[in-house]
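Pasting the sequence and the predicted coordinates here, then a few questions.
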Amino acid sequence: MNLRKPARTVVAIAIAASLFISTTAHAAPNDAATLAQVRDTAMASDWAYRRLEDMTDLIGPRLSGSPGAAAAVQQVAETMRQLGAKVTLQPVKVPHWVRGEEKAQLVEYTGRPQGIVQNVVLTALGGSGATPAAGLTAPVLIVHDFDELKARAAEVKGKIVLIDVPFDQGMAERGLAGNAYGRGSAARTRGPGLAAELGAAAALVRSIGGADYRLTHTGMTRLKDDQRIPAAAITAEDAMLIGRLAKRGPVTMKLVLTPKTLPDADSYNVIADLPGTDKADEVVIVSGHLDSWDLATGAHDDATGVTASMGVIETLKKLKLQPRRTIRMVAWMAEENGGSGGRAYHQAHKHALDKQFAAIESDGGVTGRTFGVVAGVRPQYEKLFAPLQAALTKIGAGALTRRDVLGEGDLHYMESDGVPSFAPHVDTSAYFNYHHTPADTFDKVNPDHLKRHVAVLSTLTWYLANMDEPIGRAPEQLK
């Protein structure tokens, strides 16, 4: 019996079948079955949650220039290497500011009993100047916005200026947390500088957030080197107390802040690539920022963003899926105090931004559920995302919110040059209860919220990496 001819036939059929499967997978990697597989695999995994625990519990705070930030770079890089990703450490010069002693007391006010002083809970703002080691004592001037500060300019010199802007939790609970935060953050970032220009001895701002449990909320402030006055955030309760006392008469505070601004330090963006196939020279970024403020372990801001982005690579590796475009996980450095990581990446790639197909950043924590995707694309391109929405609807995350500009912290340089930006759409109504406070710790993270977050990021990233259609890039904007 001649078996050679049938054997050749069997081999030919097998090769043809293999080519058909390969061609089919290449032609339609965004089919419903594959999207569902990516989504469901991520939903079933606690890998990102365990990496979150490693980062927050084993390292702790990760302010740029600190040993914690350096340890986080190595931890993330090694974890991604173990997954088989191609890891690059991109050098970045970062600010190095360290906190010192911080103490404040109300030492004079109308009706103060003999021998009584009241402690004020506060924390220095990033970039703050220092008082003398023994502190400074000065009257407090309360204002409620920049217009009032300018109108009372003649009263500012030599005073401790308190910019008292309450956080509107009602707005946050109605999906406008970013708007509520914007007003308070403007007071924090710009207010001390304006007070310094007018001759203030120091500047205080009311902490930004909806959980009034005498929590301080730190963050960056913008002070020129020749105007680096002491600047701090006081709790909402202490701001309200000073306001009530001021109605009775003058209030005097003793303030001690001894932070230091050191020379810029060497650090890195961690870049981990899952190489693509036929469009490997094009890149889809999925990212979060690795640094955090030093009051806590930065669980929501932004360890969840980094570990969820890492989880995208882990999910696809587990499924042995290879994208058409290269998927690039980036853990940005120094988002909190200047954005030098995002700026360095933009500078390194600005000559070929047309190869940056799309970029995702997760920087809103997971205090609430993730309900979908925010897309920085033009209106006519929304329809291209219908298959993605259909896949994410199965886990209650099918909403697509289109915006002209997202303005994500590390991506805005590239976005302004035409790279489409995306972000997960998260319920942030409780986010500012923890953001930049001592309460931003691992125990505040709901593991089910994080799983859904990873599922949304993984499905979105895979979808972008395999799209056939352009998504509204404006080449004329590229420089």
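Great, that's in hand. Values in this document were obtained by computation on a predicted structure and should not be read as measured data.

middle-most residue in the protein, spatially?
The centre of the chain sits closest to D363, judged by C-alpha atoms, centre = their mean, with a distance of 3.0 Å.

Which helix or strand contains that residue?
Assigning secondary structure by DSSP states H and E places D363 outside every helix and strand.

ok, it - contacts?
Neighbour list for D363: G288, H289, D301, D302, G305, E335, E408, G409, D410, A423 [criterion: C-beta atoms under 8 Å, 6 or more residues apart in numbering]. C-beta coordinates here come from the backbone N, C-alpha and C atoms, glycine included.

Redo those residues as CSV? Include distance to E78 and neighbour count.
Below are the contacts of D363 laid out as CSV (distance: C-beta to C-beta, whole Å; neighbours: other C-beta atoms under 10 Å):
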residue, distance to E78, neighbour count
G288, 17, 27
H289, 19, 30
D301, 23, 25
D302, 20, 31
G305, 19, 31
E335, 22, 26
E408, 27, 24
G409, 25, 17
D410, 22, 30
A423, 27, 24
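
In helices, which of those residues fall?
Among the contacts of D363, the ones falling in helices (DSSP state H) are G305.

quick check, nearest of the contacts of D363 to G135?
Using C-beta to C-beta, D301 comes nearest to G135 of the contacts of D363, at 30.5 Å.

Would you agree that closest one is in contact with T437?
No. With contact defined as C-beta atoms under 8 Å, D301 does not count as touching T437 (9.5 Å).

Let me see the ranges of the helices in the stretch 1-150 of the chain.
Listed in chain order, the helices of the stretch 1-150 of the chain (DSSP state H, counting those that start in this stretch) span 4-27, 32-43, 47-53, 67-83, 146-151.

Tell me the buried residues in the shortest one?
Spelled out, that is helix 146-151. Residues F146, L149 are the ones in helix 146-151 that count as buried (16 or more other C-beta atoms under 10 Å).

buried stuff in stretch 155-174?
For stretch 155-174, by 16+ other C-beta under 10 Å, it's 156, 159-169, 171-172.

so how far is it off the chain centroid?
23 Å (C-alpha atoms, centre = their mean, to the nearest Å).

Endpoints of it, how far apart?
38 Å (C-alpha to C-alpha, to the nearest Å).

let's number from 411 now, not from 1
Let's use 411 as the start, then, which means that last one is stretch 565-584.

quick check: mean pLDDT across it?
Taken as a whole, stretch 565-584 has an average pLDDT of 97.

What of stretch 759-770?
Here the average pLDDT along stretch 759-770 is 95.

Alpha carbons of that stretch, as CSV, please.
Only the C-alpha atoms of stretch 759-770 are listed here, as CSV (Å, rounded to 0.1, in the frame of the first residue of the first chain):
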residue,chain,number,x,y,z
HIS,A,759,10.0,60.5,20.3
LYS,A,760,9.0,63.9,19.0
HIS,A,761,10.8,63.3,15.7
ALA,A,762,8.5,60.3,15.0
LEU,A,763,5.3,60.9,16.9
ASP,A,764,3.3,59.4,13.9
LYS,A,765,4.5,56.0,15.2
GLN,A,766,2.8,56.6,18.5
PHE,A,767,-0.6,55.3,17.4
ALA,A,768,-2.4,55.9,20.7
ALA,A,769,-1.6,56.4,24.4
ILE,A,770,-3.6,55.4,27.5
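
if we look at that stretch, which residues are touching it?
689, 691-697, 719, 735, 821, 824-825, 827-834, 867, 870-871, 874-875, 881, 883, 885, 888-889.

tell me which residues of it are tucked away?
The neighbour-count check on stretch 759-770 (16+ other C-beta under 10 Å) flags H759, L763, Q766, F767, A768, A769, I770 as buried.

What of stretch 643-651?
So for stretch 643-651, counting by 16+ other C-beta under 10 Å, buried means A643, I644, T645, A646, E647, D648, A649, L651.

Also stretch 780-795?
Neighbour-count burial for stretch 780-795 flags T780, F781, G782, V783, V784, A785, G786, V787, Y791, L794, F795 (criterion: 16+ other C-beta under 10 Å).

export the residues you listed to JSON lines and tack on pLDDT?
Formatted as JSON lines, the buried residues of stretch 780-795 follow (pLDDT from 0 to 100):
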{"residue": "T780", "pLDDT": "98"}
{"residue": "F781", "pLDDT": "98"}
{"residue": "G782", "pLDDT": "98"}
{"residue": "V783", "pLDDT": "98"}
{"residue": "V784", "pLDDT": "98"}
{"residue": "A785", "pLDDT": "97"}
{"residue": "G786", "pLDDT": "95"}
{"residue": "V787", "pLDDT": "94"}
{"residue": "Y791", "pLDDT": "94"}
{"residue": "L794", "pLDDT": "96"}
{"residue": "F795", "pLDDT": "97"}
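
which ones among those residues are found in strands?
T780, F781, G782, V783, V784, A785 (DSSP state E).

hmm, back to that, which one of the buried residues of stretch 759-770 is nearest Q524?
I770 (60.7 Å).

Doesn't the closest one lie inside a strand?
Yes. With DSSP: H, G, I helix; E, B strand; the rest coil as the criterion, I770 is located in a strand.

before we move on, back to that, which members of the buried residues of stretch 780-795 are the farthest-apart pair?
Within the buried residues of stretch 780-795, two members stand farthest from each other by C-beta to C-beta: T780 and Y791, at 21.7 Å.

and E879, how many neighbours?
8 (other C-beta atoms under 10 Å).

before we move on, back to that, could you dump the contacts of D773 into a markdown table and include distance to R753 and pLDDT?
Listed next are the contacts of D773 as a markdown table, based on distance: C-beta to C-beta, whole Å; pLDDT from 0 to 100:
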| residue | distance to R753 | pLDDT |
| --- | --- | --- |
| G698 | 17 | 98 |
| H699 | 13 | 98 |
| D711 | 19 | 98 |
| D712 | 17 | 97 |
| G715 | 18 | 98 |
| E745 | 10 | 98 |
| E818 | 13 | 93 |
| G819 | 11 | 91 |
| D820 | 9 | 97 |
| A833 | 19 | 98 |
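
With distance to M490 as new columns, can the contacts of D773 be given to me in CSV?
As requested, the contacts of D773 are exported to CSV (distance: C-beta to C-beta, whole Å):
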residue, distance to M490
G698, 13
H699, 16
D711, 21
D712, 17
G715, 15
E745, 19
E818, 21
G819, 21
D820, 18
A833, 22
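
from the contacts of D773, which ones fall inside strands?
Per DSSP E, the contacts of D773 map to strands at G698, H699, A833.

Distance to R658 added to those residues, as JSON lines?
What follows is the ones in strands among the contacts of D773, written out as JSON lines (distance: C-beta to C-beta, whole Å):
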{"residue": "G698", "distance to R658": "47"}
{"residue": "H699", "distance to R658": "44"}
{"residue": "A833", "distance to R658": "47"}
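
Pick out whichever of these sits closest to Q500.
Distances from Q500 to the ones in strands among the contacts of D773, taken by C-beta to C-beta, are shortest for H699, at 13.6 Å.

how near is Q528 to Y519?
8 Å (C-beta to C-beta, to the nearest Å).
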